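Asker: sharing a sequence plus its predicted fold:
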Amino acid sequence: FVSNMRASPISSPPRPLGAYLLQLLIAAALISISCSLSTETSRRNFFHTASVAATAGLSSQVIVPSLQAVSAPTAAGKSLICVTGANGYIGLHCVAQLLVAGYSVRAAVRSLSEDKTKWLTKVATDAGAIDRLSFAIINLADVDSMADAVRGCDSLLHLASPFTIKAREDPTKTIVEPAVSGACNAVIAAQKVGLRRVVSCGSVFGVAGSGSEQGYDHVYNNRDVNGFSTLKGCSYAYSKKESQEKSIALANELGVDMVTLNVGQVCGPALSPDQMNPSWEPFKLLGNPPQGGAVLSACVPAMVDVRDAALAHVAALKLPPSSPETTRRYIVAAQKSSPTYVEIAGLMAEILPERKLQSNVDVLAPTVQKLIVKGIGFGDKSLGELIEGVSVPLGGATILMDVEPMIKDLVPEPRAIKTTLTDWVNNQLEYGHSI
């Protein structure tokens, strides 16, 4: 995504260019789903969470300053919540925030192996709430397995979903069907055992696959549905749209109270040093650009802090009952405008002053960008439609998102993009990872 190519767009680019740009374009389309710890400093600094109040006035800015300061609130009156994808990037934060808020958590994982449970156990221990964490083995393709996992719970946070940007094999079998099956089975299981609510972690790709769908002056909202992404193009984005639409229709049909969260591209501190989220790749590249680099004129779609994404899930448990005919959706993003990579590059220069990064990076020429997109073959739309769409909106255009409902009901004070990037950089460096 950063290139040292400034010359003729038709000449064969050097190998580093292809590597950087391929990573950029892939990373720009990602929406995240989900080494021993050498130091506790990272956890102490970045175990940021929100103590979700039992009444209104939720705040995303409550910070637990140290593990020793984390004492589990009384569990009296709090419910048992099942979390699928609990050991993932967002899921681990959800578990941490639920436990700090006094809930009990049943973490639904594919196996009880140490690599699936150790950081969940660590987070619960740090919160002084190990007695409120339990586990269930789950198979998302088996509705009875999901029903067994959620039986006895009040509600379900459903975050688990298959992830890959483009399947090497049949994308219907490897991505779309598992995503749809998991989302719909969550609804069926909820109806089967009588859960009070399902909070489903969807993606901004459920709302829009390209800013050009309705024009870059359109503010995408919870009534919009992605009409751009296709099975042959970005199969991941298509799977998120399909799983959203089919699970919402099923929830309405079965009378299941469900809240769907269209979460943007996620960044921020990880609660496990083992987690390496693919959505971080563009930020890493901007932290180590080649000399004289340039970027695509793309944006980070609806970027949001992982702690705020988790808070939105926890806060959604407190919403009043929805009507039987309408399933609610919220776009979860830090701000109305999706930050461009030019803006992100400027922030990285501020965050890492010792690297003397370029604060005002150049944008690759439109002809070069067209060749890059054409070479990757990212989509079955016409080249012109793709160029004007998800990959390289020109002239500084960016995708706009309606975040007011989220601010009103779920995350009153979302973290600023610079705060998210700063905390992520420090978190990763303290884990010993390269940025």
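Answerer: All right, it came through fine.
Asker: and the pLDDT at His229?
Answerer: His isn't right for residue 229; it's Ser. Here the pLDDT value assigned to Ser229 is 81.
Asker: please report how far it lies from Ser210.
Answerer: 8 Å (Cβ to Cβ, to the nearest Å). Yep, even glycine has a C-beta here, placed from its N, CA and C like the rest.
Asker: how about low-confidence regions in the stretch 51-200 of the chain?
Answerer: Scanning the stretch 51-200 of the chain with the threshold set as pLDDT under 70 gives 51-77, 162-168.
Asker: which parts of it are helices?
Answerer: 89-100, 114-126, 143-150, 171, 177-193 (DSSP state H, counting those that start in this stretch).
Asker: can I assume Leu400 is in contact with Gly215?
Answerer: No: counting by Cβ atoms under 8 Å, Leu400 stays clear of Gly215, with 9.9 Å between them.
Asker: out of those two, which sits in the more crowded spot?
Answerer: Taking neighbours as other Cβ atoms under 10 Å, Leu400 and Gly215 compare with Leu400 leading, 22 against 10.
Asker: which residue packs closest to the more buried one, ignoring adjacent ones?
Answerer: Excluding the flanking residues, the one nearest Leu400 by Cβ to Cβ, 6 or more residues apart in numbering is Val219, at 4.6 Å.
Asker: what sits against that neighbour?
Answerer: For Val219, the contacting residues are Lys336, Leu400, Met401, Asp402, by Cβ atoms under 8 Å, 6 or more residues apart in numbering.
Asker: gap between the second one and Cys201?
Answerer: So the one you mean is Leu400. According to Cβ to Cβ, Leu400 stands 22 Å off from Cys201.
Asker: just Thr422 next, same as before
Answerer: Following Cβ to Cβ, the distance that separates Thr422 from Cys201 is 25 Å.
Asker: what do you get for Ala249?
Answerer: As judged by Cβ to Cβ, Ala249 and Cys201 stand 18 Å apart.
Asker: same thing with Ala315?
Answerer: Ala315 sits 13 Å away from Cys201, going by Cβ to Cβ.
Asker: do Ile130 as well
Answerer: Remark: distance between Ile130 and Cys201 (Cβ to Cβ) = 25 Å.
Asker: when these two are compared, which one has more neighbours?
Answerer: A count of neighbours by other Cβ under 10 Å puts Cys201 above the other of Ile130 and Cys201, at 29 against 14.
Asker: quick one, phi psi at the more buried one?
Answerer: phi -80, psi 100 (degrees, to the nearest 10).
Asker: from here on, call the first residue 21.
Answerer: All right, first residue 21 from here; so that's Cys221.
Asker: is it true that it touches Gly202?
Answerer: No: applying Cβ under 8 Å, one finds Cys221 not in contact with Gly202, separated by 10.8 Å.
Asker: any shared contact partners between the two?
Answerer: Counting by Cβ under 8 Å, 6+ apart, the shared contacts of Cys221 and Gly202 are His178, Ser181.
Asker: need the next SSE after the longest helix seen in the chain, C-terminal direction.
Answerer: As assigned by DSSP state H, the longest helix anywhere in the chain is helix 255-274. Following helix 255-274 in sequence order, the next helix or strand is strand 278-283 (DSSP states H and E).
Asker: between that next one and helix 197-213, how many degrees?
Answerer: Counting by axes from the mean of the first three to the mean of the last three Cα atoms, to 10 degrees, strand 278-283 lies at 150 degrees to helix 197-213.
Asker: centre of the chain versus strand 278-283, how much separation?
Answerer: In terms of Cα atoms, centre = their mean, to the nearest Å, the centre of strand 278-283 is found 12 Å from the chain centre.
Asker: within the sheet, what are the partner strands of it, with directions?
Answerer: strand 217-223 (parallel), strand 348-352 (parallel) (DSSP bridges).
Asker: any idea which of those strands is most buried?
Answerer: Per residue and on average, the most neighbours among these fall to strand 217-223, with a mean of 27 (mean count of other Cβ atoms under 10 Å).
Asker: residues contacting that strand, please?
Answerer: Contacts for strand 217-223 (Cβ under 8 Å, 6+ apart): 51, 53, 105, 110, 174-179, 181, 203, 206-207, 210, 257, 260, 263-264, 267, 271, 276-283, 333, 336-337, 339, 349.
Asker: what number of residues lie near Val362?
Answerer: If you count neighbours by other Cβ under 10 Å, Val362 ends up with 19.
Asker: next: Glu273.
Answerer: For Glu273, the tally of surrounding residues (other Cβ under 10 Å) stands at 11.
Asker: from Arg216, how far out is it?
Answerer: In terms of Cβ to Cβ, Glu273 sits 18 Å off from Arg216.
Asker: what comes up buried for stretch 150-159?
Answerer: Using 16 or more other Cβ atoms under 10 Å as the test for burial, stretch 150-159 gives Arg152, Leu153, Phe155, Ala156, Ile158.
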